[in-house]
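[1] Structure of the sequence below:
(chains A and B)
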Protein chains: 2
Amino acid sequence: MALDYLKLNDSNSVRVPKEDLHKQVSAILQGVGTPEPHAEIVAKVLVSSSLRGVETHGVGNAVRYAESIESGEYTVPQTVETITETDTTALLSCGNGLGFVAAHQGMEMSIAKAREFGIGMTTIKDGHHIGMVGYYPMMAVAEDMIGMAMTNASRAVRPALGARPRVGTNPIAFGAPAGEERDFIFDMATSTIASGKIALAKRLGVQMPVGWAVTAEGEPLREPRGDRGEDWAMNPLGGTREQGAHKGYGLGLVVDILCGVLSGGGFGAQLSGGENMTWTMAIDISKFRDVDEFKAMMDDMVRELHATPALPGEEGVLVAGDPEADFEDDRTVNGVPVENGQYDEMRQKAIQLGVEVFI
Amino acid sequence: MALDYLKLNDSNSVRVPKEDLHKQVSAILQGVGTPEPHAEIVAKVLVSSSLRGVETHGVGNAVRYAESIESGEYTVPQTVETITETDTTALLSCGNGLGFVAAHQGMEMSIAKAREFGIGMTTIKDGHHIGMVGYYPMMAVAEDMIGMAMTNASRAVRPALGARPRVGTNPIAFGAPAGEERDFIFDMATSTIASGKIALAKRLGVQMPVGWAVTAEGEPLREPRGDRGEDWAMNPLGGTREQGAHKGYGLGLVVDILCGVLSGGGFGAQLSGGENMTWTMAIDISKFRDVDEFKAMMDDMVRELHATPALPGEEGVLVAGDPEADFEDDRTVNGVPVENGQYDEMRQKAIQLGVEVFI
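    Residues are numbered from 1 along each chain as shown, chains lettered A, B, ... in the order given. Now for the predicted structure:
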């Protein structure tokens, strides 16, 4: 959940229909040599992020991915290779290409394995950014399954008790279907805040709250920095020893183990900026119990939580996925806001590449 | 990690050899009608907790479980029933008996399924307390697997933005084997602090730090309370909106979904105090990659983290399982400290039941 002062509004962004955004992202990526099916996957995930209000992982990143392809950092076209496979498991290589493509294939494989054998799990090496991690569990939820995905990243967060960055922001996402209520879609960085929020604070020129980051001396850092280095670090979820920093730190390492060590692609401190290993899992609910009964109990849970009296000053209690679903309802009808600078950048990139301008 | 003032020492506890503690716990439970194999499981888990410094889940609880059996709250002897089963999955009923027994069987089944099919997963309803959740992943780690376990509980923690308890402390545990370094064994409540720490603070007569709990008005609560009710709540990990309380809250709901909704046993707000549903998973590493190479990379990760410069005033950076392994090394040799009151209580219970006194 973004802090209020980081939200897009009519003065700092332009509203664009989601279909046009999708076409623009896909066209830019195809313009740098991405095969159409792969470009379509990236467009789906990026537009979904922007629709759901997750600006930090939205369409504004399309130009950055295109540049990573142009510079040769990403290998495109890529080959996603299956290295080892069993009925329930697979180890994939992303082929140093677009992380989205392998993560999407990984979750599709997990879903297919789960449908047949109850559970499917994939871990992916040689990868890059996969965008909003919550997208992949949503794929499983659409199939009446529980979905889970994680991705690791290069050093940004300090270990609990540590004063240097050694762990990535390593997000964890989980989704489960409800019946009449909204699906439970949960997506969290294991740091106190996602790194994109710090980048956005820097772009908007605002200070960070105490608790997001520290200097190498362990003092609170308020001025957002654009670079990564040994002179500052993000805090793990929990923040301090007394409030459970070892928990956010431990969760970050769980992500490193499932994504980086199980795949062999490497844990955070071994990765360069832009390298990301990914893990996905799907669970077929029907192998355990009747799916409609499961969903009815999910509904009961969501209603019980929504009915909880709120803290003074708060409007009401939310469940994971609520704010994003509200954004999606609005933006599907009224268009998706794209930050002014990113809007211009996308148009310029399309023109430079000689592909159609849709926005 | 306990705060310093909650630690046991020579003046508030008695050191007992672990073998004698095991015999005493088993004897007390058999004294109230628990079949020997079941009593032995409980003794193994409780002694492991005490050995590893997790006092809140240690041998001091044996008398409480015995009383739950005597009062009829627990059904003993219990039948652990398999309700649905596939090659990779199982839904079990704990039969309203000792949670330990079904959780232990659940992890054994997960391990056996993982060995054959890559992954095994069990979810368990009609259950009670399973003790230190981290014990169960350790069973998988001993078999060169990744293990994971969760358990839900009755309402104690407020939702983010909420002012009443609706979610359990819902712990998550995860273990993965290292090679020459210590195994990674991670066990966290999804609240800022485990509820046993509040009970211990109350017993020792000390105040809680700000951030552990709030009143129904959302004000910090410093005086630990023994009762559960609508007038106070524990905070989810993250504590405040700005520091990520929605993350601890969301993780708590992930636990409710896998343990309570997938099993049908119920989510936190549906449970009575003492009811706990449980979920376990085992992953056979060898299905993905060579186990020795996996362990070697785990060693590299642990060494990298241990080598991280510490915050001013801290001795060094730890990895999950380090403090517990230190306790285990010491207590295996020098005996396990048992809090004075709990020591007396165990002896008295043994005498009352007419079973042998070993401590």
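[2] Show me the beta-bridge partners of the closest residue to A:Arg115 other than its chain neighbours.
    Leaving out its chain neighbours, the residue that sits closest to A:Arg115 by Cβ to Cβ, 6 or more residues apart in numbering or on different chains is A:Asp284, at 5.9 Å. For glycine as for every other residue, the C-beta is placed from the backbone atoms N, C-alpha and C. When assigned by DSSP bridges, A:Asp284 has beta-bridge partners A:Met145.
[3] For A:Asp284, give its distance to B:Met121.
    Using Cβ to Cβ, to the nearest Å, one obtains 10 Å as the distance from A:Asp284 to B:Met121.
[4] What of A:Gly316?
    For A:Gly316, the distance to B:Met121 under the criterion Cβ to Cβ works out to 34 Å.
[5] So which of those two has more stuff around it?
    Taking A:Gly316 and B:Met121 together and counting by other Cβ atoms under 10 Å in any protein chain shown, B:Met121 has the greater number of neighbours (28 against 14).
[6] Mind checking what secondary structure the more buried one has?
    Secondary structure of B:Met121, reduced to three states by DSSP: H, G, I helix; E, B strand; the rest coil: strand.
[7] Next, the contact list for it, please.
    A:Gly118, A:Ile119, A:Ile283, B:Thr88, B:Thr89, B:Ala90, B:Ser110, B:Lys113, B:Trp279, B:Thr280, B:Met281 (Cβ atoms under 8 Å, 6 or more residues apart in numbering or on different chains).
[8] out of these, which are inside helices?
    Filtering the contacts of B:Met121 for membership in helices, criterion DSSP state H, returns B:Ser110, B:Lys113.
[9] By neighbours, which of the contacts of B:Met121 wins?
    Each of the contacts of B:Met121 was scored for neighbours by other Cβ under 10 Å, and B:Thr280 scores highest at 35 neighbours.
[10] The helix-or-strand element of chain A with minimal mean pLDDT packs against which elements?
    For chain A, the helix or strand with the lowest mean confidence is helix A:195-204, at a mean of 83 (criterion: mean pLDDT, DSSP states H and E). Here helix A:195-204 touches no other helix or strand, going by 3 or more Cβ pairs under 8 Å, 6 or more residues apart in numbering or on different chains; DSSP states H and E.
[11] intersection of neighbour lists for A:Asp284 and B:Met121?
    Taking Cβ under 8 Å, 6+ apart as the contact rule, A:Asp284 and B:Met121 both touch A:Gly118, A:Ile119, B:Thr89.
[12] Close to chain B: what parts of the stretch 101-250 of chain A are there?
    The stretch 101-250 of chain A has residues A:117-119, A:121, A:123, A:146, A:158-164, A:166, A:174, A:176, A:184, A:186, A:188, A:192-193, A:209, A:211, A:216-218, A:237-239, A:241-244, A:246-248, A:250 near chain B, with proximity defined as Cβ under 8 Å from any Cβ of the partner chain.
[13] Inside helices: which ones of the residues you listed?
    Restricting those to those inside helices, with DSSP H as the criterion, leaves A:Phe117, A:His246, A:Lys247, A:Gly248, A:Gly250.
[14] now the residues you listed as TSV including pLDDT and neighbour count?
    Converted to TSV, these look like this (pLDDT from 0 to 100; neighbours: other Cβ atoms under 10 Å in any protein chain shown):
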residue	pLDDT	neighbour count
A:Phe117	98	21
A:His246	97	20
A:Lys247	98	29
A:Gly248	98	31
A:Gly250	98	29
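[15] May I ask which two of these are separated the most?
    When these are compared pair by pair using Cβ to Cβ, the farthest-apart members prove to be A:Phe117 and A:His246, with a separation of 35.6 Å.
[16] Contacts only, for A:Glu230.
    Taking Cβ under 8 Å, 6+ apart, one finds A:Arg164, A:Pro165, A:Ala216 in contact with A:Glu230.
[17] from those, which single one is nearest chain B?
    Using Cβ to the nearest Cβ, A:Arg164 comes nearest to chain B of those, at 5.4 Å.
[18] my guess is that closest one contacts A:Ala233, does it?
    Yes - assessed by Cβ atoms under 8 Å, A:Arg164 is found in contact with A:Ala233 at 6.1 Å.
[19] Neighbour count: the two, which is higher?
    Summary of the neighbour comparison: A:Arg164 and A:Ala233, criterion other Cβ under 10 Å, with A:Ala233 having more neighbours (27 against 20).
[20] My reading is that that one lies in a helix. Confirm?
    No - using three-state DSSP, the secondary structure at A:Ala233 is strand, not a helix.
[21] Enumerate every residue touching it.
    Under the criterion of Cβ under 8 Å, 6+ apart, the contact list for A:Ala233 reads A:Ala156, A:Val157, A:Arg158, A:Gly162, A:Ala163, A:Arg164, A:Pro165, A:Ala213, A:Val214, A:Ala216.
[22] beta partners of it?
    In this structure, A:Ala233 has beta-bridge partners A:Val214, where bridges are defined by DSSP bridges.
[23] can I assume A:Lys197 is in contact with A:Thr56?
    Yes - the pair A:Lys197 and A:Thr56 passes the contact test of Cβ under 8 Å, sitting 6.4 Å apart.
[24] Those two - which one has more neighbours?
    With neighbours defined as other Cβ under 10 Å, A:Lys197 and A:Thr56 compare such that A:Lys197 has more, 23 against 19.
[25] With chain B as the reference, measure out to the more buried one.
    Taking Cβ to the nearest Cβ, to the nearest Å as the measure, A:Lys197 falls 11 Å from chain B.
[26] Which of the residues in the one helix or strand A:Phe294 maps to are classified as buried?
    Assigned by DSSP states H and E, A:Phe294 falls within helix A:291-306. For helix A:291-306, burial by neighbour count (16 or more other Cβ atoms under 10 Å in any protein chain shown) applies to A:Phe294, A:Lys295, A:Ala296, A:Met297, A:Met298, A:Asp300, A:Met301, A:Val302, A:Glu304, A:Leu305.
[27] Those residues also near chain B: which ones?
    When the buried residues of helix A:291-306 are filtered against chain B using Cβ under 8 Å from any Cβ, the residues retained are A:Phe294, A:Met297, A:Met298, A:Asp300, A:Met301, A:Glu304, A:Leu305.
[28] quick one: the fourth one from B:Ser93, how far?
    Going back to what we said before, that points to A:Asp300. With distances taken as Cβ to Cβ, A:Asp300 is found 20 Å from B:Ser93.
[29] And for the fifth one?
    According to Cβ to Cβ, A:Met301 stands 21 Å off from B:Ser93.
[30] And for the first one?
    Distance of A:Phe294 to B:Ser93, computed by Cβ to Cβ: 17 Å.
[31] do the last one as well
    When Cβ to Cβ is the yardstick, A:Leu305 and B:Ser93 sit 26 Å from each other.
[32] list the contacts for A:Phe100?
    A:Phe100 makes contact with A:His38, A:Ile41, A:Val42, A:Val45, A:His129, A:Ile130, A:Gly131 under the criterion Cβ under 8 Å, 6+ apart.
[33] So, low pLDDT: which residues of the stretch 51-200 of chain A?
    Confidence mapping of the stretch 51-200 of chain A against pLDDT under 70 gives zero matching residues.
[34] which non-adjacent residue is nearest the residue of chain A positioned farthest from its centre?
    Counting by Cα atoms, centre = their mean, the extreme residue of chain A relative to its mean C-alpha position is A:Pro312, 31.2 Å from that point. Spatial nearest neighbour of A:Pro312, chain neighbours left out: B:Gly218 (5.5 Å); criterion: Cβ to Cβ, 6+ apart.
[35] does that neighbour really touch B:Ala160, like I thought?
    No - here B:Gly218 does not reach B:Ala160: they are 11.8 Å apart, not a contact under Cβ under 8 Å.
[36] Between those two, which is the more surrounded one?
    When B:Gly218 and B:Ala160 are compared for neighbours, B:Ala160 comes out ahead with 27 against 18, by other Cβ under 10 Å.
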